[in-house]
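Enquirer: here's a sequence, model it:
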Amino acid sequence: MRTVMIVLRSNCGMLDLASVVEALRSAREVSGVPSYILTTCACGQDTLQAEEPWIRIKATHDISNAPSDIDTLILPNSSVVELQDQDLECIEFLAKRTGSIRRIVALGNGVLLAAAAGITRGQTVAVDSVVETHLAKLCTQTMVEPNFDMHKSGKIWTARGTAVGISLALSLIEEDLGHEAAVEVSQRFADRFPDMRPRFANGAAYSGGFDRRSPVERIQEWVIANPADDLTLGRLASMVAMSERTLSRAFKHQTGQTVGEFVLSVRLAYACEMLRSGQRKIKDVARLAGLGSQTNMRQLFVNRYGRPPSEFRKTEAQSAIDEERAVAQRMSFAARL
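Expert: Numbering: from 1, shown residues only. Modelled structure (predicted):
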């Protein structure tokens, strides 16, 4: 029996919520056992205005005394993108209770609540461009999935756009009860969503966007994309919810390098690229590559390449010029033929 808690918010959209609730309710009928217990909570139990002006909703629990055995927490979309004052209590609740909740589902801009609570740090989410803009202000360490409308990363599941809720709900059911149960539930929606059955049978529309990368792979991607960031072992370990010791062991086992060796290699490679382009001063290259001062960068280059950055730039630039001349000569010769 899994307790699914929906966090009700003012101006929350009813379309995704209704489809998720109906899918989970249908899963209970399909499996023949009470697979899910559905309930709600909110900041205060007074009636809330839904996105539709003619609907008022009321939560079963106040968020301050929500049940302790929550398996899945659902954060719905809202017609108001910016976080409101009443969302602060919800963010505090998420920050305290995340460790005990197995799965967090964010629909649309509901992901902003998770980001404000630090849950999306080091994770990848599926959001639209409007939400992405706000997300960047709340948590710069969150990556955005550009290709899929749904995504699973760690314990957070996200979906962008409207009418994606049912697709995400079917994926939750598949994870919990198996593929056959999810397909049977999807058949119940066939009249309203004619393409649901074949799309789910193929699986690509659902599981294709789920993040199956290991924590080490996510760390590697983050380091490569953000070489100038704070890439200390403690910071990286917190991004993937691992201890420093566990991350160090896993990283060494999977890559053959220590975290520090990988970070340094990425930063030096990035510095080399900027030096080859010849567009920036060496002190700026050191800063942008995360190598600290120009003096520190010089020492690192001498140790790794046997020459300081200034000589590296001259040598690489001359190599590029020689290559361009060789290409021009080959083209000229070919034209004469």
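Enquirer: isn't Gln220 up against Phe262?
Expert: Yes: using C-beta atoms under 8 Å, Gln220 is in contact with Phe262, at 6.9 Å. (C-beta placed from N, C-alpha, C; glycine too.)
Enquirer: between the two, what contacts are shared?
Expert: Thr255 (C-beta atoms under 8 Å, 6 or more residues apart in numbering).
Enquirer: in a strand, Ala59, correct?
Expert: No: secondary structure of Ala59 (DSSP: H, G, I helix; E, B strand; the rest coil): coil, not part of a strand.
Enquirer: who's the residue nearest the centre of the chain bridged to?
Expert: Nearest residue to the geometric centre of the chain (C-alpha atoms, centre = their mean): Thr124, 1.4 Å. On the basis of DSSP bridges, Thr124 takes part in beta bridges with Met143.
Enquirer: for the spatially closest residue to Gly154 that is not a sequence neighbour, give its distance to Phe301.
Expert: Counting by C-beta to C-beta, 6 or more residues apart in numbering, Gln123 is the residue found nearest to Gly154 once chain neighbours are left out, at 5.0 Å. Using C-beta to C-beta, to the nearest Å, Gln123 is found at 35 Å from Phe301.
Enquirer: then Ser129?
Expert: When Ser129 is compared with Phe301 (using C-beta to C-beta), they lie 40 Å apart.
Enquirer: which of the two has more neighbours?
Expert: Phe301 (23 against 8; other C-beta atoms under 10 Å).
Enquirer: buried stuff in the host helix or strand of the more buried one?
Expert: Taking DSSP states H and E as the definition, Phe301 sits inside helix 294-305. The neighbour-count check on helix 294-305 (16 or more other C-beta atoms under 10 Å) flags Gln294, Met297, Arg298, Leu300, Phe301 as buried.
Enquirer: turn those residues into JSON lines, including pLDDT and distance to Ala18.
Expert: Formatted as JSON lines, the buried residues of helix 294-305 follow (pLDDT from 0 to 100; distance: C-beta to C-beta, whole Å):
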{"residue": "Gln294", "pLDDT": "91", "distance to Ala18": "60"}
{"residue": "Met297", "pLDDT": "93", "distance to Ala18": "57"}
{"residue": "Arg298", "pLDDT": "92", "distance to Ala18": "62"}
{"residue": "Leu300", "pLDDT": "93", "distance to Ala18": "58"}
{"residue": "Phe301", "pLDDT": "92", "distance to Ala18": "60"}
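Enquirer: can you give me the neighbour number for Leu233?
Expert: By the measure other C-beta under 10 Å, the count of residues near Leu233 is 16.
Enquirer: start the count at 784 instead of 1 going forward.
Expert: Okay, using 784 as the starting number, the last item reads as Leu1016.
Enquirer: wait, it sits on Phe1045?
Expert: No: if you go by C-beta under 8 Å, Leu1016 and Phe1045 don't touch, sitting 11.0 Å apart.
Enquirer: low pLDDT regions in this protein?
Expert: 799, 814, 828-830, 832-835, 864, 930, 944-946, 973-996, 1024, 1100-1120 (pLDDT under 70).
Enquirer: break it down into its structural domains.
Expert: Using automatic domain parsing, the domains assigned to the chain come out as 785-990, 998-1102.
Enquirer: highest average neighbour count across the ones you listed?
Expert: Ranked by mean neighbour count, the domains of the chain are led by domain 785-990 with a mean of 19 (mean count of other C-beta atoms under 10 Å).
Enquirer: how far is that one from where the chain is centred?
Expert: 15 Å (C-alpha atoms, centre = their mean, to the nearest Å).
Enquirer: distance to Phe931 added to the buried residues of helix 1077-1088, as a markdown table?
Expert: As requested, the buried residues of helix 1077-1088 are exported to a markdown table (distance: C-beta to C-beta, whole Å):
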| residue | distance to Phe931 |
| --- | --- |
| Gln1077 | 42 |
| Met1080 | 39 |
| Arg1081 | 44 |
| Leu1083 | 39 |
| Phe1084 | 41 |
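Enquirer: just the closest of those residues to Tyr819, please.
Expert: Distance to Tyr819, by C-beta to C-beta, is smallest for Leu1083 among these, at 54.9 Å.
Enquirer: that closest one against Ser1048, yeah?
Expert: No: the pair Leu1083 and Ser1048 does not pass the contact test of C-beta under 8 Å, sitting 10.8 Å apart.
Enquirer: find the nearest non-adjacent residue to Met1057, please.
Expert: Val1068 is the one closest to Met1057 (C-beta to C-beta, 6+ apart), at 4.6 Å.
Enquirer: please report the distance of Arg1081 from Glu1099.
Expert: Taking C-beta to C-beta, one finds Arg1081 at 16 Å from Glu1099.
Enquirer: other residues contacting whichever helix or strand Arg880 is part of?
Expert: Per DSSP H and E, Arg880 falls inside helix 870-880. Outside helix 870-880, the residues that touch it by C-beta under 8 Å, 6+ apart are 790, 792, 826, 846-847, 849, 853, 856, 866, 887, 896-897, 899-902.
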